[in-house]
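1. Starting from these lines, generate the structure:
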Amino acid sequence: MPLSNAGKEFEALFNNAAIGILVTNSAGEIIMINDFCLQQFGYDKDDLLNQKIEVLIPSRYHKKHVSLRENYTNSTSYSRPMGAGLDLNGVKKDTTEFPVEVSLSSYQTETEKFVIAFISDISIRKKSELALVQLNTKLEKRVEERTQSLSEALAKEKELNELKSRFVSMASHEFRTPLSTILSSAYLISKYTKADEQVKREKHILRIISSGNMLNDILNDFLSVGKIEEGRIQIRLAVFDVEERILELLKELNTILKPGQTIEYLHEGDKNVNLDLSVFRNILMNLVSNAVKFSSEGKVIKIATMQKGKELTLSVADQGIGISAADQEHLFERFFRGENVSNIQGTGLGLHIVAKYAELMHGSVSYASKINEGTTFTLHFYKAFKHTP
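-> Here you go, the predicted structure:
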């Protein structure tokens with residue numbers, strides 16, 4: 001039957017439309033399909049006519065699609081996008097899947113109901129969306145990194161400001177006291193001009209020497225921290241007799257003991273250790289100096305070393321004022337000083353240096369303390385043992 005002019009115009013529009021169009025009957029069979037749709041799916045017309053629409057859908061969705069199709073056909077149908085909010089896929093003749101967007105419409109004749117499907121290949125759009133998501137992810141990551149970097153920079157700036165504040169507070173106190181002692185003693189010495197006043201002169205000379213040593217210790221702490229922070233501490237390992245070296249050091253430290261204070265020392269195990277002697281001495285001097293400062297007269301300071309296997313353990317225990325639980329959280333921070341030591345001189349750097357030095361020699365620091373009962377610091381050096389001929 002020849003087509004009317006209107007029919008020919010419809011057929012021309014149908015076949016030349018820049019979107020895939022197909023028509024199915026109430027059984028879901030394809031009865032019409034345009035050229036654009038055939039190109040989308042890679043089929044010839046004869047391959048698809050009278051085939052179920054599911055041939056264009058991935059097999060894993062067939063069962064579900066049949067149910068949905070029948071519901072749509074049997075209901076009061078209306079035009080709508082199919083699978084709104086879902087990712088829909090079509091499948092080509094070569095089994096390649098691609099993303100599609102489908103809109104449905106229907107029309108009813110006296111004898112049958114037909115469904116029209118408008119199909120768009122949205123592969124390019126999906127790629128663009130994916131690229132946009134990836135770009136957004138990268139941008140979000142960069143923003144997060146920049147925010148993190150800025151937060152870290154602000155935290156460091158805050159830490160530096162706090163450190164500066166602590167340093168100024170500490171320096172103004174710790175430098176003023178020995179300097180005032182030196183100046184006052186020097187002035188008084190100048191007044192003692194008589195021969196029989198030598199004892200008085202010697203008393204103030206000793207005060208000057210003591211204050212000078214105190215200033216030297218403070219400056220050494222600053223220099224040590226600076227070298228540690230800049231990574232300029234070079235560990236030079238050497239084998240030495242740990243008991244012998246500690247006994248030598250304790251002779252030097254006897255000069256700083258308060259009246260009645262004593263030091264007890266005990267060693268167990270092999271005496272030969274493989275450590276940096278200078279760094280080890282610095283650690284021990286800091287710990288013993290603290291034990292002396294924070295203990296009252298007549299108290300005992302106990303030092304113990306033990307070598308077992310490849311590990312050397314060093315402990316220094318005092319019977320001093322102890323450290324509060326709140327202060328223990330900040331014990332190894334630079335310039336930190338506990339609330340109960342405000343009247344005792346110190347830089348707040350000693351324990352920070354001890355922890356850093358221990359770390360440089362593959363060691364660790366632990367402690368136990370109670371207010372007014374004393375403190376014990378224990379260091380473990382895990383690679384301290386070395387056989388000697």
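2. if you average pLDDT over the lengthiest helix in the chain, what comes out?
-> For the chain, the longest helix by residue count, based on DSSP state H, is helix 123-174. Helix 123-174 shows a mean pLDDT of 80.
3. Ok, stretch 11-21 next?
-> For stretch 11-21, the mean per-residue pLDDT is 84.
4. from the chain's centre, how far out does it sit?
-> Its chain's average C-alpha position is 60 Å from that of stretch 11-21, according to Cα atoms, centre = their mean, to the nearest Å.
5. thinking again about what came up before, which strands or helices does the longest helix of the chain pack on?
-> Here helix 123-174 touches strand 97-108, going by 3 or more Cβ pairs under 8 Å, 6 or more residues apart in numbering; DSSP states H and E. Quick note: C-beta positions are derived from backbone N, CA and C, even for glycine.
6. which stretches of the stretch 251-389 of the chain form helices?
-> 277-293, 325-328, 350-360 (DSSP state H, counting those that start in this stretch).
7. and the direction of the first one versus that of helix 350-360, what angle?
-> An angle of 150 degrees separates the directions of helix 277-293 and helix 350-360 when computed by axes from the mean of the first three to the mean of the last three Cα atoms, to 10 degrees.
8. buried set for helix 277-293?
-> 279-288, 290-293 (16 or more other Cβ atoms under 10 Å).
9. Need the mean per-residue confidence for it.
-> Rounded mean pLDDT across helix 277-293 is 89.
10. Show me what it is packed up against.
-> helix 242-253, strand 300-308, strand 311-317, helix 350-360, strand 374-381.
11. and with 6 Å instead?
-> helix 350-360 (3 or more Cβ pairs under 6 Å, 6 or more residues apart in numbering; DSSP states H and E).
12. And the last one, by the same measure?
-> Counting contacts by 3+ Cβ pairs under 6 Å, 6+ apart, helix 350-360 is packed against helix 277-293.
13. quick one: T378 and S315 touch, right?
-> Yes. Counting by Cβ atoms under 6 Å, T378 touches S315, with 4.5 Å between them.
14. higher neighbour count, those two?
-> S315 (19 against 15; other Cβ atoms under 10 Å).
15. how far is the longest helix of the chain from where the chain is centred?
-> That offset, for helix 123-174, works out to 12 Å (Cα atoms, centre = their mean).
16. Convert the helix or strand following that helix to CSV, retaining C-alpha atoms only.
-> Downstream of helix 123-174, the first helix or strand assigned by DSSP states H and E is helix 176-191. Extracted C-alpha coordinates of helix 176-191, given in CSV (Å, rounded to 0.1, in the frame of the first residue of the first chain):
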residue,chain,number,x,y,z
ARG,A,176,69.4,37.6,85.6
THR,A,177,70.2,35.6,88.7
PRO,A,178,73.8,34.5,87.9
LEU,A,179,74.6,37.9,86.3
SER,A,180,73.3,39.7,89.3
THR,A,181,75.5,37.4,91.5
ILE,A,182,78.6,38.0,89.4
LEU,A,183,78.1,41.8,89.4
SER,A,184,77.4,42.1,93.1
SER,A,185,80.3,39.8,94.0
ALA,A,186,82.7,41.7,91.7
TYR,A,187,81.6,44.9,93.3
LEU,A,188,82.1,43.5,96.9
ILE,A,189,85.5,42.1,96.0
SER,A,190,86.6,45.6,94.9
LYS,A,191,85.7,46.8,98.5
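17. thinking again about what came up before, could you check the angle the longest helix of the chain makes with strand 97-108?
-> 130 degrees.
18. how near is E152 to E145?
-> 10 Å (Cβ to Cβ, to the nearest Å).
19. ok, now which ones touch G90?
-> With contact taken as Cβ atoms under 6 Å, 6 or more residues apart in numbering, G90 is in contact with L56, F98, V100.
20. Are we agreed that it is in a strand?
-> Yes. Residue state for G90 (DSSP: H, G, I helix; E, B strand; the rest coil) corresponds to a strand.
21. Give the bridge partners for it, please.
-> The partner list for G90 in beta bridges (DSSP bridges) reads F98.
22. pLDDT wise, what is it at?
-> At G90, pLDDT is 94.
23. now the helices of the stretch 251-389 of the chain in a markdown table, with distance to N15?
-> Compiled in a markdown table, the helices of the stretch 251-389 of the chain are given as follows (distance: least, Cβ to Cβ, whole Å):
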| stretch | distance to N15 |
| --- | --- |
| helix 277-293 | 89 |
| helix 325-328 | 85 |
| helix 350-360 | 80 |
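24. Nearest to L22, out of those?
-> With Cβ to Cβ, the closest approach to L22 among the helices of the stretch 251-389 of the chain belongs to helix 350-360: 73.7 Å.
25. among the helices of the stretch 251-389 of the chain, which is nearest L219?
-> Across these, the minimum distance to L219, taken as Cβ to Cβ, is reached by helix 350-360, at 13.1 Å.
26. Tell me which residues of that closest one come out buried.
-> Under the neighbour-count criterion of 16+ other Cβ under 10 Å, helix 350-360 has G350, L351, H352, I353, V354, A355, K356, Y357, A358 buried.
27. N136: neighbour count?
-> Other residues near N136 come to 10 when the count uses other Cβ under 10 Å.
28. ugh, typo on my part, it should be H62
-> 13.
29. Not counting sequence-adjacent ones, nearest residue to it?
-> Leaving aside its sequence neighbours, H62 sits nearest to E54 (Cβ to Cβ, 6 or more residues apart in numbering; 4.7 Å).
30. thinking again about what came up before, switch the buried residues of helix 350-360 over to CSV; also include pLDDT.
-> Below are the buried residues of helix 350-360 laid out as CSV (pLDDT from 0 to 100):
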residue, pLDDT
G350, 78
L351, 85
H352, 84
I353, 83
V354, 87
A355, 88
K356, 88
Y357, 87
A358, 88
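31. Which members of the residues you listed are the farthest-apart pair?
-> G350 and A358 (12.6 Å).
32. Let's see stretch 249-268 as PDB, backbone CA atoms only.
-> The C-alpha trace of stretch 249-268 is given here as PDB (Å, rounded to 0.1, in the frame of the first residue of the first chain):
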ATOM      1  CA  LEU A 249      81.700  11.400  86.100                       C
ATOM      2  CA  LEU A 250      80.300  11.000  89.500                       C
ATOM      3  CA  LYS A 251      83.500  12.300  91.000                       C
ATOM      4  CA  GLU A 252      83.000  15.500  89.000                       C
ATOM      5  CA  LEU A 253      79.300  15.700  90.100                       C
ATOM      6  CA  ASN A 254      80.100  15.400  93.800                       C
ATOM      7  CA  THR A 255      80.800  19.100  93.700                       C
ATOM      8  CA  ILE A 256      77.200  19.900  93.000                       C
ATOM      9  CA  LEU A 257      75.700  17.800  95.800                       C
ATOM     10  CA  LYS A 258      73.700  19.500  98.500                       C
ATOM     11  CA  PRO A 259      74.800  18.900 102.100                       C
ATOM     12  CA  GLY A 260      74.100  15.200 103.100                       C
ATOM     13  CA  GLN A 261      73.200  14.100  99.600                       C
ATOM     14  CA  THR A 262      74.800  10.900  98.400                       C
ATOM     15  CA  ILE A 263      74.900   9.000  95.100                       C
ATOM     16  CA  GLU A 264      74.800   5.200  95.000                       C
ATOM     17  CA  TYR A 265      75.700   3.400  91.800                       C
ATOM     18  CA  LEU A 266      75.400  -0.300  90.800                       C
ATOM     19  CA  HIS A 267      76.200  -2.000  87.600                       C
ATOM     20  CA  GLU A 268      75.200  -5.500  86.400                       C
END
